[in-house]
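Trainee: can you look at this prediction? I've put the sequence above it.
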Amino acid sequence: MSTQVVVTLPDEVYRRVERLAHLASRDVADVVADTLALSLLPVGLPAEPVRVVTGLPDEELLELVDLQMPPAQDQRFGRLLQKQQEGQLSDTERSELISLMQLYQDGLLRKAQALREAVRRGLREPLEP
């Protein structure tokens with residue numbers, strides 16, 4: 001089921017969406033819909049609640065700072081991004097890519113939060129500007 005929505009975008013945002021759609025050989029509306037889905041829909045609930053990084057012991061905090069996507073998942077993510085750029089993604093692959101993008105973004109956010117806390121605790125040096 002889908003609901004049609006009319007949205008007014010700032011010109012600069014529209015130009016970026018239009019460029020991405022052109023590069024991916026996709027409709028602008030599809031790019032906007034996928035971007036919203038990626039931004040708003042969680043992949044699923046984690047098996048256990050996410051702990052606030054400020055409550056993590058130093059060792060766990062530093063593990064989170066160095067977190068990497070598992071190699072097989074990272075390779076699949078890269079391949080799907082390449083297929084998207086080539087305009088060859090199936091609907092199933094597009095859904096998989098959206099899920100992997102969400103996982104990647106969630107991981108990146110957690111890493112950033114952990115790095116901030118590690119710097120605050122003096123466990124890591126601040127990143128250079």
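Mentor: Looks like it arrived, so ask away.
Trainee: tell me which helix or strand of this protein sits lowest on mean pLDDT?
Mentor: Scoring the helices and strands of the chain by mean pLDDT, DSSP states H and E places helix 28-40 at the bottom, with a mean of 80.
Trainee: and the next element down the chain from that helix?
Mentor: The helix or strand immediately downstream of helix 28-40 is helix 58-65, counting by DSSP states H and E.
Trainee: show me what that next one packs onto, helices and strands only.
Mentor: Packing contacts for helix 58-65, counted by 3 or more CB pairs under 8 Å, 6 or more residues apart in numbering; DSSP states H and E, involve helix 91-121. To be clear about C-beta, it is placed using only N, CA and C from the backbone, and glycine gets the same treatment.
Trainee: coming back round to it: ok, residues contacting the least confident helix or strand of the chain?
Mentor: With contacts defined as CB atoms under 8 Å, 6 or more residues apart in numbering, helix 28-40 is touched by 7, 14, 17-18, 20-21, 24, 94, 98, 101-102, 105.
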